[in-house]
Structure formats: structure tokens, C-alpha cells
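> curious how this folds, go ahead:
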Amino acid sequence: MARTETGNFAIVPIGSEIYRVAAIEWDQNEVDREAPMDLDELRQAVRRVIDIDLPMHDPTWLSRATDSSRLVERYREGRVFLAGDAAHLHWAYGGKGLQTGIQDAGNLGWKSAAQIHGVGTA
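From the prediction side, this is the model:
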């Protein structure tokens, strides 16, 4: 893994001669989220992040993660509560979604307990 002024780069072996390659750019240009990604797009991103022409061929799977952060308008509707990815989506990098989902559960837990014991407000 490498962190540069322009982003993060990671390469992880996941099988026999198969590697997961990721280039995360801080100032990512607008991309067409509906268009399929191709290997040249990944090559260019890697070059921008680590300034190396990494030899890559025959990709098994390609995808891009853009700023997909989204929040629901309401976390509660009557007796139904939303938490975790049902309530907010975050970029997959760094586990932010998992962390906020756990925080949601803890937050909902103490608030529910306070309400049950008559010390909370609706």
C-alpha cells in the first residue's frame, strides 16, 4: 500500500497469479457512473497515484467506487428504525460503513433503553 499526494494505491494477492489492484484518487474527475470501467481507466488512475505504468492484463473484474455517500431523510418512521447501510451508504474504502453501522446500533440501544425506562423522550 502506498499513500501519495494524489491518492492511495494498494495491490493485494488474492489467488494464484491474481491480484486486487486499487487506486483511490483524492481529486477524482467526474466519471459516468453508468459506463463500464475498462482496464485503461485503472492503468491511468494507477499512473496518476503512484506514477508507475503497472503491467496489467486480462482483468477478472473491474469496478469503480465513486462518492456514493447517501443518507435517508428520516431514521425513524413510527416504530421502524433504520440503521447501518439501510440508513446511510458510504464509500467502501476504510470500513466507514461498518463503523457507522455499529455506532448506529449502540446509539439506538441506549436511546431505546432510556425510553423503556421512562427517562427518554419520544
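
> confirm Ala10 sits in a strand?
Yes: counting by DSSP: H, G, I helix; E, B strand; the rest coil, Ala10 is found in a strand.

> is it bridged to anything, and to what?
Ala22 (DSSP bridges).

> how near is it to Asn29?
Per CB to CB, to the nearest Å, Ala10 is found 20 Å from Asn29. All C-beta spots, glycine's among them, are computed from the backbone N, C-alpha and C.

> those two: which is more packed in?
Taking neighbours as other CB atoms under 10 Å, Ala10 and Asn29 compare with Ala10 leading, 15 against 7.

> contact partners for that one?
Residues in contact with Ala10 (CB atoms under 8 Å, 6 or more residues apart in numbering) are Met1, Ala2, Arg20, Val21, Ala22.

> quick one: pLDDT of it?
Note on Ala10: pLDDT of 92.

> now Tyr93
60.

> try Val21
Per the predicted model, pLDDT is 94 at Val21.

> ok, back up a step: greatest separation within the contacts of Ala10: which pair is it?
In these, the most distant members under the criterion CB to CB are Ala2 and Arg20, with 14.6 Å between them.
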